[in-house]
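Undergrad: Need coordinates for the following:
(chains A and B)
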2 protein chains.
Amino acid sequence: MIRKLIEKIQKTDAPIVVGLDPMLSYIPEHIRKQAFEEFGETPAGAAEAVWQYNKAIVDAVYDLIPAVKPQIAMYEQFGVPGMTVFQKTVDYCKEKGLVVIGDVKRGDIGSTSAAYAAAHLGRVQIGSRSFAAFDEDFATVNPYLGTDGVKPFVDVCREEKKGIFVLVKTSNPSSGEFQDRLIDGKPLYEHVAEKVVKWGADCMEGDYSLVGAVVGATYPEEGMRLRKMMPNAYILVPGYGAQGGKGADLVHFFNKDGLGAIVNSSRGIIAAYRQEAYSQFGEAHFADASRQAVLTMREDIRQALASKRMKIF
Amino acid sequence: MIRKLIEKIQKTDAPIVVGLDPMLSYIPEHIRKQAFEEFGETPAGAAEAVWQYNKAIVDAVYDLIPAVKPQIAMYEQFGVPGMTVFQKTVDYCKEKGLVVIGDVKRGDIGSTSAAYAAAHLGRVQIGSRSFAAFDEDFATVNPYLGTDGVKPFVDVCREEKKGIFVLVKTSNPSSGEFQDRLIDGKPLYEHVAEKVVKWGADCMEGDYSLVGAVVGATYPEEGMRLRKMMPNAYILVPGYGAQGGKGADLVHFFNKDGLGAIVNSSRGIIAAYRQEAYSQFGEAHFADASRQAVLTMREDIRQALASKRMKIF
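TA: The predicted structure is shown next:
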C-alpha cells in the first residue's frame, strides 16, 4: 500500500493528505438545515450532514490529492450513525481512487490490538466466511504498550499489504511532556523511532516500509533528526496550517528523493471557506474554497521543496 | 461516578469487574448457530451472537459484581453491527445497575480527545439538542500525547460526574519497553502516575478522584509503589487470571481501607466453561460456569485481602 500511496503522490505531484475531521460547526448552514429537516436534530441528522459535507469536499478535491485521513473521533461522537458515515466516507473515498488513512490511534495488549487491526486494516473470520469491517488502507497506531501492542498491526499490514503510521512525536503543544523526556540521553520519541525502524524492517515495498511514523509539522527540528533516523519510514505530518506548521518547516520531513513525507491539513482545507483568505467563495461554495486551499497548500509545499532543491520525484 | 462504583463494590463485597471481551471462538456453538441462521455468517450474525452471549453472562452475574468492562475492539472488528451491539451492551448493563467501564484506550490531540470524550462519557450538541452517544460511566485513556490529550476527558468527567482510568503500567509482556525506561531515575510509568495525581486533584468525590489509573496485575511490585504514589486514584487492575495475575499479587493494589482497586477478569469469567475447572457445566450452561468463576474469583480476592488483614470496607 505504501507503493500505491507513493504512486498517487507522484501522479498528483502533491504530498498532501486532506483530513476529513468534520466538526458540526464547520458544516455550512444549508447542509445542516437540510439534514435536520430530513432526520431531525439527532445523531442521524448530524451524521447525514457530515456525509453530505464530506462528499462535496471529496468531489471537489479528489483529483488533486493522493489521500484523505478521516479522524474517527469526529464520527464516533455521533454514535452508531456516526460510525456508519465513517464507513461510507472510507468506501466513497476508495471508490474515488483515494488512499484512506484511518486516523484511529488504536493500540492495546496483543489480542486486543489484533482485533483493532482486523477492524481497520484486516479481515475477521465469521463462520466459513471472512469480512473486512472498516477496511482503511492505513491506520495510525499508539506505541505506549510496546511491541506486542503494535505487532498485530504489522502482521496484518504484511498479510493485507496495508500500512500503519506509529505515533512518534505528535503535533500538540504538550506532546513533549512524555515524548521529549530523555532516556539514556535520547528523548523517548527517538526510542519509539528506533522501534519503528525495527517493526518495519521486514515489510518493505521498494524503498519504503509499510510501517511509517507520525511526526508533527510543529516540531521541524525533531522532524529533521527523525527523518534521518528512519530513512525508510514514510512520515505522516499533521499540524500544518491551523495548528501552526508552515511550508518552510516541512522540507526537513522529506528525503532527498523528494519522497518520504505526506502532510496533513484538516480544518485548513475542509473549513477553508471560513477563513478570510477564501471568503470570496462564500458558504454556498465551500467546496470550491476547499479546492483552492488544496491548490494553495500544494504550491506552498512545492515552493518550499524547490527552495531546498528537492524534487517531488 | 467513583462514589457510585465504590458503593457498588461495598454492596457486593467484590472489587471485581467482568471484562466483556467476546471473541467469536468463545461463544458456544448453539448461540452462534442460531444467530447465523437468522442473520447469516455476516457481521450482523456475529454481532447478534455476541449480544446473546453477553446478555446471558450479564444475566447470570450482575447481582454479584459492581461493574463490567466491555473492550470496544472486540465489537469494532464487526463494523457498524458490532458498534450497535457495543451500545446495546452498555445500555443493558446500565439497566441492570452495573457500572460500565468502556475499555476504549482513546487519546489524541486536544480537539480530537474532546470528541472522544463526548463520544464515550459526555454529550454532543446537535442543533438545539444534546445527545450522549455511547455513554459509558468510565473510559480508559492513553497518556502518550500528554496533558492536552487527557484534559478534555477530565473536563467531561467533572461536568458529567463520569470517570477515567489512565494507562500507567499495562499488563502486557512488552509494557516495559517504553513504560519502564528510566527518566531522571524514575520509570516513565511513575512520571505518568505523577500526572494522574495532578489531573485528578480537582475532581475528587470523597477520598477518591474521578481520575484513576490502569496498572496490570502482572506487575505487583510496580503496583505496590504506584499504590503509594497515587493514594486517591482508583486502580483498574487487568491481567488477573488468563494473563497470569494471582489473588496474592493483588493485595498491593489496595489501600488500607480495603478500597482503591478493582480487578478485571475477561476470558477467565466469560469463557470459564472452556476451562477444565468448570467443565462440569458444559457448553449449554456456559453462563452458570461464568457465575461460578465470579464466585471463585471473589473468594480468591477476599482470602488474599484477609491474609493481609485488609477489609473490603
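Undergrad: Surely A:Ile126 and B:Pro43 touch.
TA: Yes. Assessed by C-beta atoms under 8 Å, A:Ile126 is found in contact with B:Pro43 at 6.7 Å. Bear in mind the C-beta positions are built from the backbone N, C-alpha and C, glycine included.
Undergrad: Which neighbours do the two have in common?
TA: B:Phe78 (C-beta atoms under 8 Å, 6 or more residues apart in numbering or on different chains).
Undergrad: Okay, buried residues for stretch A:5-25 please.
TA: By 16 or more other C-beta atoms under 10 Å in any protein chain shown, the buried positions in stretch A:5-25 come out as A:5-6, A:8-9, A:12-24.
Undergrad: Please read the previous query as pertaining to stretch A:26-42.
TA: Buried residues in stretch A:26-42, defined by neighbour count with 16+ other C-beta under 10 Å: A:Tyr26, A:Ile27, A:Pro28, A:Ile31, A:Arg32, A:Ala35, A:Phe36, A:Phe39, A:Glu41, A:Thr42.
Undergrad: Hmm, the third one is touching A:Ala56, no?
TA: What that stands for is A:Pro28. No. Look at A:Pro28 against A:Ala56 with C-beta under 8 Å: they stay out of range, at 9.1 Å.
Undergrad: quick check, whichever helix or strand A:Lys94 is part of touching chain B?
TA: Element membership for A:Lys94, per DSSP states H and E: helix A:79-95. Yes. Residues of helix A:79-95 contacting chain B under C-beta under 8 Å from any C-beta of the partner chain: A:Gly79, A:Val80, A:Gly82, A:Met83, A:Thr84, A:Gln87.
Undergrad: For the helix or strand following that helix, name the packing helices and strands.
TA: Where DSSP H and E defines the elements, the next helix or strand beyond helix A:79-95 is strand A:99-106. Helices and strands touching strand A:99-106, as assessed by 3 or more C-beta pairs under 8 Å, 6 or more residues apart in numbering or on different chains; DSSP states H and E, comprise helix A:2-12, strand A:67-70, helix A:79-95, helix A:110-120, strand A:138-141.
Undergrad: which helices and strands sit right next to the first one?
TA: Identification of packing neighbours for helix A:2-12 by 3+ C-beta pairs under 8 Å, 6+ apart yields strand A:99-106, strand A:208-209.
Undergrad: Buried deepest among these, which one?
TA: Of the helices and strands packed on helix A:2-12, the one with the most neighbours on average (mean count of other C-beta atoms under 10 Å in any protein chain shown) is strand A:99-106, at a mean of 27.
Undergrad: what does that strand rub up against?
TA: Strand A:99-106 has contacts (C-beta under 8 Å, 6+ apart) with A:1, A:4-5, A:8, A:17, A:19, A:21, A:66-72, A:90, A:93-94, A:113, A:116, A:120-121, A:134, A:136-142, A:165, A:167, A:236, B:73, B:105-108, B:142.
Undergrad: PyMOL command to pick out the buried ones of those?
TA: Of the contacts of strand A:99-106, the buried ones go into a single PyMOL selection, burial set by 16+ other C-beta under 10 Å:
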select buried, (chain A and resi 1+4+5+8+17+19+21+66+67+68+69+70+71+72+90+93+113+116+120+121+134+136+137+138+139+140+141+142+165+167+236) or (chain B and resi 73+105+106+107+108+142)
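Undergrad: With B:Glu205 as the reference, name the closest of the helices and strands packed on helix A:2-12.
TA: Evaluated over these, closeness to B:Glu205 peaks at strand A:99-106, with 29.3 Å, by C-beta to C-beta.
Undergrad: Give the rounded mean pLDDT of the closest one.
TA: Averaging pLDDT along strand A:99-106 yields 98.
Undergrad: tell me the contacts of A:Ala293?
TA: Contacts of A:Ala293 (C-beta under 8 Å, 6+ apart): A:Ser265, A:Gly268, A:Ile269, A:Ala272, A:Gln275, A:Tyr278.
Undergrad: Check the offset of the strand or helix carrying the third one from the chain's centre.
TA: A:Ile269 is part of helix A:267-270 when elements are defined by DSSP H and E. Relative to its parent chain, helix A:267-270 has a centroid offset of 13 Å by C-alpha atoms, centre = their mean, to the nearest Å.
Undergrad: And that helix, what does it pack against?
TA: Applying 3+ C-beta pairs under 8 Å, 6+ apart, one finds that helix A:267-270 contacts strand A:16-20, helix A:43-61, helix A:286-307.
Undergrad: which stretch in the ones you listed has the least confidence?
TA: helix A:286-307 (a mean of 94).
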